[in-house]
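Engineer: All I have is the shape, not the residue letters:
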């Protein structure tokens, strides 16, 4: 029996390897919390594990390839030790269950992440991976396994079906976590020492549950005692108006928003099926900068979408160059079978996509440096939680999403007020403000 492999294993270690977005990170923490009472949970690959959970991603072809590479790596370990148990879950598992099973001796391919521990303990039977949930599947965690900031999922699924995107097919229709469960989860994490919460979802701006809007939920979260900072992981541009009152009034919201742009060409945006114009995006950025001239704004951009001409790319570049944004995440277009874009004509060559991505990356570096310099020049006091140690420096992500480096301090999770001294590495060398 597969569960006996675990019982008889001399090592009670579970390795949870998670790929992709912050939603996956939260779900991986929930899986880990289920195992934590009986197992040592390691949130990365280790050969010492007797149980492996691969929490997969399929947002790009490269992401899927990385997941399959990791699965094969674990299968090689299984050849030497048949007591090892391998579970594959996540978006790739939802879309390619049979292909994953064909890789070798994969014990379980599961869609419902909340049932993994119970299935392995023989307390429930596995469900079909291909079936998408019609309601929100509740998971909770008391810890984030090595992270000082806590991710909290409030929503799943998407029905936008942008031309390039496979995720609606992998995650299903929009479903929402009850506001009471969201608040209980955050209160538990705050009680356990997490003072910064990052709210996540596949399309978080769609949130509407039990008569609560996203803004209602945000104002309720604001009232939680002991919570210092709230971040919103990513939100579609057209949804910002629905939470504008909160953005203006909140004392806990980090002045940092990640807003997917995807292209600065109006023609390409239309072909993608995006639901806004470039002018709309410009007005959003201007409004945020009017509220706070240092507001950190990050964007996703897809380069080399089918039919993107040199002129389209030039328009995209010029549009982004004129925007006072802080950073870019650049993705060469990745063909995903089953999406509208996969069937479009005039696909761009890999070499051309690489060239355009390289050109835009130079602009991204310039934008990032300019933003950090402005924080430095204006002597902006930053709030940062010390998360990791790099050499002699404790490093934290500030409320304006710029890394700060503090010398000769421990990375003990403290939140400090700091001010930049000079540009340093990928952020600012800083000192504590008395």
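Structural biologist: That came through fine. No experiment lies behind these values; they were computed from the predicted model shown.

Engineer: Tell me where the stretch 151-300 of the chain has strands.
Structural biologist: With DSSP state E, counting those that start in this stretch as the criterion, the stretch 151-300 of the chain has strands at 155-156, 175-176, 196-200, 208-209, 212-213, 229-232, 253-258, 296-303.

Engineer: buried set for the last one?
Structural biologist: Just to be clear, that refers to strand 296-303. The neighbour-count check on strand 296-303 (16 or more other CB atoms under 10 Å) flags 296-299, 301-303 as buried. Quick note: C-beta positions are derived from backbone N, CA and C, even for glycine.

Engineer: and the helix or strand that it is followed by, average pLDDT?
Structural biologist: Using DSSP states H and E, the helix or strand that follows strand 296-303 in sequence is helix 310-322. For helix 310-322, the mean per-residue pLDDT is 98.

Engineer: mind listing what's buried in helix 310-322?
Structural biologist: By neighbour count on 16+ other CB under 10 Å, the buried set for helix 310-322 is 312-313, 315-317, 319-320.

Engineer: With stretch 26-44 instead?
Structural biologist: Buried, per 16+ other CB under 10 Å, within stretch 26-44: 26-36, 39, 41-43.

Engineer: can you list contacts of that stretch?
Structural biologist: Identification of contacts with stretch 26-44 by CB atoms under 8 Å, 6 or more residues apart in numbering yields 12-18, 48-49, 51, 53, 55, 89-90, 113-114, 116-117, 139-147, 151-153, 200.

Engineer: got the buried residues of strand 296-303 as TSV, with pLDDT columns?
Structural biologist: TSV is the format used below for those (pLDDT from 0 to 100):
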residue	pLDDT
296	98
297	98
298	98
299	98
301	98
302	98
303	98
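
Engineer: For residue 337, state which of these is nearest.
Structural biologist: Nearest to residue 337 among the buried residues of strand 296-303 is residue 302, at 17.1 Å by CB to CB.

Engineer: check contacts around the closest one.
Structural biologist: With contact set as CB under 8 Å, 6+ apart, residue 302 has these partners: 164, 262-263, 272, 331-333.

Engineer: one more time with 10 Å
Structural biologist: Counting by CB atoms under 10 Å, 6 or more residues apart in numbering, residue 302 touches 60, 162, 164-165, 260-263, 268, 272, 308, 316, 329-334, 341, 353, 357.

Engineer: how about the helices in the stretch 151-300 of the chain?
Structural biologist: 167-171, 179-191, 214-222, 244-249, 266-272, 278-291 (DSSP state H, counting those that start in this stretch).

Engineer: for those helices, which one ends up most surrounded?
Structural biologist: Among the helices of the stretch 151-300 of the chain, ranked by average contacts under mean count of other CB atoms under 10 Å, first place goes to helix 167-171 (a mean of 22).

Engineer: That one - contacts with which helices or strands?
Structural biologist: Helix 167-171 sits against helix 91-95, with contacts defined as 3 or more CB pairs under 10 Å, 6 or more residues apart in numbering; DSSP states H and E.

Engineer: Which SSE is immediately downstream of the helix it packs on?
Structural biologist: Note on helix 91-95: by DSSP H and E, the next helix or strand toward the C-terminus is helix 97-101.
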